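Visitor: Need coordinates for the following:
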Amino acid sequence: VAADREQALMGQREREERLQLVTDAVPGLIAYIDKEHRYRFANRRYAEWFGLPTGTILGRHLREVLGEAAFD
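Guide: Numbering: from 1, shown residues only. Model (predicted):
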């Protein structure tokens, strides 16, 4: 059971890495923001657009990235 769970997690990680690789190659801005206004996914161009290092946007609140005025 533990081995099956570990294998499933590895498969999920591989799919997430593949998705990141593909979306990072897209010239558009791609992000997923949850119902609590927190980033759950963003491609490289999205982070670059807002002047953030790649990978640092996840978990941040939309207000923190957009700024107070744009969020309102």
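Visitor: what pLDDT does Ile57 get?
Guide: Turning to Ile57, the model gives it a pLDDT of 94.
Visitor: Tell me if it really is in a helix.
Guide: No - counting by DSSP: H, G, I helix; E, B strand; the rest coil, one finds Ile57 to be coil, located in no helix.
Visitor: which residues touch it?
Guide: By Cβ atoms under 8 Å, 6 or more residues apart in numbering, the residues touching Ile57 are 31, 39, 42, 46-47, 50, 65. In short, each C-beta sits where N, CA and C put it, glycine included.
Visitor: Okay, and which of the residues you listed map to helices?
Guide: 46-47, 65 (DSSP state H).
Visitor: would CSV of these with neighbour count be doable?
Guide: Output for the ones in helices among the contacts of Ile57, formatted as CSV (neighbours: other Cβ atoms under 10 Å):
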residue, neighbour count
Tyr46, 21
Ala47, 21
Val65, 22
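Visitor: for those residues, which one is nearest Gly55?
Guide: Of all the ones in helices among the contacts of Ile57, Ala47 has the smallest distance to Gly55: 7.4 Å, by Cβ to Cβ.
Visitor: thinking the closest one is in contact with Gly55, fair?
Guide: Yes - counting by Cβ atoms under 8 Å, Gly55 is a contact partner of Ala47 at 7.4 Å.
Visitor: tell me which strands and helices the helix or strand Glu17 falls within is in contact with?
Guide: Glu17 is part of helix 2-24 when elements are defined by DSSP states H and E. Under the contact criterion of 3 or more Cβ pairs under 8 Å, 6 or more residues apart in numbering; DSSP states H and E, helix 2-24 touches helix 44-49.
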